[in-house]
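**Student:** No sequence on hand, only this structure:
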């Protein structure tokens, strides 16, 4: 079984496509993705990279349209634009790290993106997080408290440090045999590289 | 025969992949691309978009590597980094417009990119333009003079205006049934959209 590191941030738009189709891709190709939430926001700030800037309106509109078209191409859908950027970016990713330590991380990330891109509900705030905790039988207040613990924050920082060391600059990124592949549209290239 | 507008600038790096494989793609899918050189530089300046910025070194290095990997995936190769940006950006594209009016435009663009990405020779200066004119049996001084004529400059401006009206913001871009597809990696998506 080939292992591919899957670095992502909840808050990245194109990552919707990856988290929604990645389980099917794993089955189809017989590979295993290691989910690693990190802060692409911290890294982009270091690069002075501003996502979805106001003076690039045609590019921004194109990206929303591209996400819709590609979601349809994969057999699901997106209703864009969605709330952006996230007001609780770090919390959204810290909850993902907590959940991946337990059993519900992947479900949390997929549900978070589904509510964001199909129902327009921003991640890590109500009603999104309330509804997801209910669906996964989790206590919302406990989850938020634990996601803000030093242990989880350190793990989030450690993933971000690891992304930086690996020269990652965007989400999603896939690492296999020391090669970076950036973007949902490079997932299959990463799989080919693993062979 | 489906018609797809192919907007590009000589000077764009990823466009190397498109111009090198586009003839094979035409045959494979039974489509026809209309080659439209325009000034992506003018449009990017209007957007305050700086390509290959120095503070995004990891992203820049990734793009060079990505171009190499994808060229190999298509069955040819690239040796990066190549001279960038171009000192004679406009001339390179004006010669393309002149050549597309005559019979040698596509050959000129493909040879220009081949020399740039396989031999490290910058477009529209010597030795690139000298060698290409020799290979295509053209008089270099006449070509440069005609490429700088008002007629060709107006056609270049007209293509750029048309790109702007179509909300194009990068090269290569494909337009089919009023939809934009940006990037070499969206060429097949554009073809699907034409059906």
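**Tutor:** That came through fine. This is a predicted model, so every value here is computed, not measured.

**Student:** For the residue in chain A sticking out farthest from the centre, give me its contacts.
**Tutor:** The C-alpha centroid of chain A is most remote from residue A:55, which lies 25.4 Å away (CA atoms, centre = their mean). Contacts for residue A:55 were tallied using CB atoms under 8 Å, 6 or more residues apart in numbering or on different chains; they are B:47, B:48. From N, CA and C alone the C-beta is placed, and that goes for glycine too.

**Student:** So what touches the longest helix seen in chain A?
**Tutor:** Secondary structure assigned by DSSP state H gives helix A:57-74 as the longest helix of chain A. Helix A:57-74 is contacted by residues A:13-14, A:16-17, A:20-21, A:52-53, A:77-81, A:117, A:184-185, B:47, B:49, B:167-170, B:179-180, B:182, B:186, B:189, B:192 when judged by CB under 8 Å, 6+ apart.

**Student:** follow-up on the earlier one: pretty sure the residue farthest from the centre of chain A is in a helix, no?
**Tutor:** Yes: residue state for residue A:55 (DSSP: H, G, I helix; E, B strand; the rest coil) corresponds to a helix.

**Student:** Now do the buried residues in the worst-scoring helix or strand of chain A on mean pLDDT.
**Tutor:** Every helix and strand of chain A was ranked by mean pLDDT, DSSP states H and E. The lowest is helix A:40-46, at a mean of 93. Within helix A:40-46, the residues that count as buried by 16 or more other CB atoms under 10 Å in any protein chain shown are A:40, A:41, A:42, A:43, A:44.

**Student:** Turn those residues into JSON lines, columns for distance to chain B.
**Tutor:** What follows is the buried residues of helix A:40-46, written out as JSON lines (distance: CB to the nearest CB, whole Å):
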{"residue": "A:40", "distance to chain B": "12"}
{"residue": "A:41", "distance to chain B": "15"}
{"residue": "A:42", "distance to chain B": "14"}
{"residue": "A:43", "distance to chain B": "9"}
{"residue": "A:44", "distance to chain B": "9"}
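
**Student:** related to what we said a few turns ago, and the contacts of the least confident helix or strand of chain A?
**Tutor:** Residues outside helix A:40-46 that contact it (CB under 8 Å, 6+ apart): A:8-9, A:11-12, A:50-51, A:89-90, A:160, A:163-164, A:168-171.

**Student:** residues from chain A in reach of chain B?
**Tutor:** Contact residues (CB under 8 Å from any CB of the partner chain) of chain A with chain B: A:47-49, A:53, A:55-56, A:58-59, A:61-62, A:65-66, A:69-70, A:73, A:167-170, A:179-180, A:182, A:185-186, A:189, A:192.

**Student:** For ChimeraX, write the select line for the buried members of these.
**Tutor:** Here is the ChimeraX command that selects the buried residues among those (16+ other CB under 10 Å):
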select /A:49,56,58,59,61,62,65,66,69,70,168,169,170,180,182,185,186,189
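
**Student:** Tell me where chain A has helices.
**Tutor:** Going by DSSP H, chain A shows helices at A:15-29, A:40-46, A:57-74, A:89-101, A:105-119, A:128-135, A:140-147, A:150-165, A:187-193.

**Student:** quick revisit: buried ones among the contacts of helix A:40-46?
**Tutor:** Among the contacts of helix A:40-46, those classed as buried by 16+ other CB under 10 Å are A:8-9, A:11-12, A:51, A:89-90, A:160, A:163-164, A:168-171.

**Student:** From the residues you listed, which shows the smallest pLDDT?
**Tutor:** Within the buried ones among the contacts of helix A:40-46, the minimum per-residue pLDDT falls on residue A:51 (70).

**Student:** quick one: it from chain B, how far?
**Tutor:** Applying CB to the nearest CB, to the nearest Å, the value for residue A:51 to chain B is 13 Å.

**Student:** is it true that that residue touches residue A:85?
**Tutor:** Yes: with contact defined as CB atoms under 8 Å, residue A:51 reaches residue A:85; the gap is 7.3 Å.

**Student:** tell me how far stretch A:171-184 is from the chain's mean position?
**Tutor:** 13 Å (CA atoms, centre = their mean, to the nearest Å).

**Student:** do the same with stretch A:4-16
**Tutor:** In terms of CA atoms, centre = their mean, the centre of stretch A:4-16 is set 3 Å apart from its chain centre.

**Student:** And stretch A:27-36, by the same measure?
**Tutor:** 15 Å.

**Student:** So what touches that stretch?
**Tutor:** Residues contacting stretch A:27-36 (CB under 8 Å, 6+ apart): A:1-8, A:22, A:25-26, A:96, A:100, A:105-106, A:109, A:159, A:162-163, A:174, A:191, A:194.

**Student:** ok, and the closest non-adjacent residue to residue A:86?
**Tutor:** Counting by CB to CB, 6 or more residues apart in numbering or on different chains, residue A:86 lies nearest to residue A:11, which is 4.6 Å off, once chain neighbours are set aside.

**Student:** if I look at that neighbour, how far off is residue A:77?
**Tutor:** Distance, residue A:11 to residue A:77, using CB to CB, to the nearest Å: 20 Å.

**Student:** Residue A:108 too?
**Tutor:** For residue A:108, the distance to residue A:77 equals 21 Å [CB to CB].
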